[in-house]
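[1] Sequence unavailable; structure follows:
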């Protein structure tokens, strides 16, 4: 994953950490030599709990240094660089404190990346950044299925204009996602069950049933059309991800989630995001490392479809 313009003979755990996994830094979307883009959105003004997710993209990139030495990530049977070329696009820039500008800038970048035929992996930031990412991605791919890992449904009607709890109330009404093809995994907080539009695999169910049963349920719901995967790190139990703004006990393990993701890798997932890593509340980079590992898993999932 070394940049030919900045070769690293021995990728370090602590030195020369300029990008996610040591990927080349580039915004040249006309370059046909790469297939995927990692982009940070350092925004947390939509947070209702503990702030600090604006530092998530930096923490995830730093933690990825623990992973970049391994050319073939276990348990995948191929080397990522042999199937997928990716770049780090840097972070979205927006006027500080201006949520409307963040929405506009993030949507524009996501739309340009999708139009160039690249797969985007967005690094938040709080979960509100998923809304402009969906808007930009849907411009290219149309209405999407949503695969949503979270402790919360984030489908609250009265959450306000700029709130990380409103995206999946607004997205169906904007025609961005189809609730009939969408599923939420790991939910363990209150929501309006009679009126809820999405299929829910709650945390109790996901923890008690087998990985294969969860995978089968997701595949059945999503089908063969284009899908978007959004992952709030608080889907994981705080034992595995303490560094987040709204932690909820009783969540999934990192191991189980990685196996679920492996089981749905061949679905037509056209975009990903990983959000709500808040390093101020982390311990020994546990949460940042989980976030980096999940983002890398997304790249492997995309690469596995290029066999």
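    That came through fine. Bear in mind that the values here come from a model prediction, so they are computed numbers and not experimental data. Numbering: from 1, shown residues only.
[2] contacts and neighbour counts: CA atoms only from here.
    Fine.
[3] how about the strands of the stretch 151-300 of the chain, start to end?
    Taking DSSP state E, counting those that start in this stretch as the test, the strands found in the stretch 151-300 of the chain are 183-185, 199-201, 227-232, 269-275.
[4] contact partners of the first one?
    Here strand 183-185 makes contact (C-alpha atoms under 8 Å, 6 or more residues apart in numbering) with 146-151, 153, 198-203, 206, 218, 221-222, 235.
[5] Neighbouring strands - and their directions - for that strand?
    If you go by DSSP bridges, strand 183-185 pairs up with strand 145-149 (parallel), strand 199-201 (parallel).
[6] Please work out which of those is packed deepest.
    strand 145-149 (a mean of 25; mean count of other C-alpha atoms under 10 Å).
[7] centre of the chain versus that one, how much separation?
    10 Å (C-alpha atoms, centre = their mean, to the nearest Å).
[8] can you state the direction angle for that strand and strand 227-232?
    20 degrees (axes from the mean of the first three to the mean of the last three C-alpha atoms, to 10 degrees).
[9] Please identify which of the strands paired with strand 183-185 is closest to residue 18.
    strand 145-149 (28.3 Å; C-alpha to C-alpha).
[10] by how many degrees do that closest one and strand 269-275 diverge?
    30 degrees.
[11] Same list (the strands of the stretch 151-300 of the chain) but as TSV, adding distance to residue 299 and mean pLDDT.
    Output for the strands of the stretch 151-300 of the chain, formatted as TSV (distance: least, C-alpha to C-alpha, whole Å; pLDDT from 0 to 100):
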stretch	distance to residue 299	mean pLDDT
strand 183-185	20	98
strand 199-201	24	97
strand 227-232	12	98
strand 269-275	9	98
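[12] Of those strands, which is nearest residue 61?
    strand 269-275 (12.1 Å).
[13] which one of the strands of the stretch 151-300 of the chain has the most crowded surroundings?
    Taking mean count of other C-alpha under 10 Å, strand 269-275 is the most buried of the strands of the stretch 151-300 of the chain, at a mean of 26.
[14] Direction included, what does it pair up with?
    Within its sheet, strand 269-275 is paired with strand 119-124 (parallel), strand 227-232 (parallel), according to DSSP bridges.
[15] Let me have those strands in TSV, extended by distance to residue 157.
    Below are the strands paired with strand 269-275 laid out as TSV (distance: least, C-alpha to C-alpha, whole Å):
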stretch	distance to residue 157
strand 119-124	22
strand 227-232	19
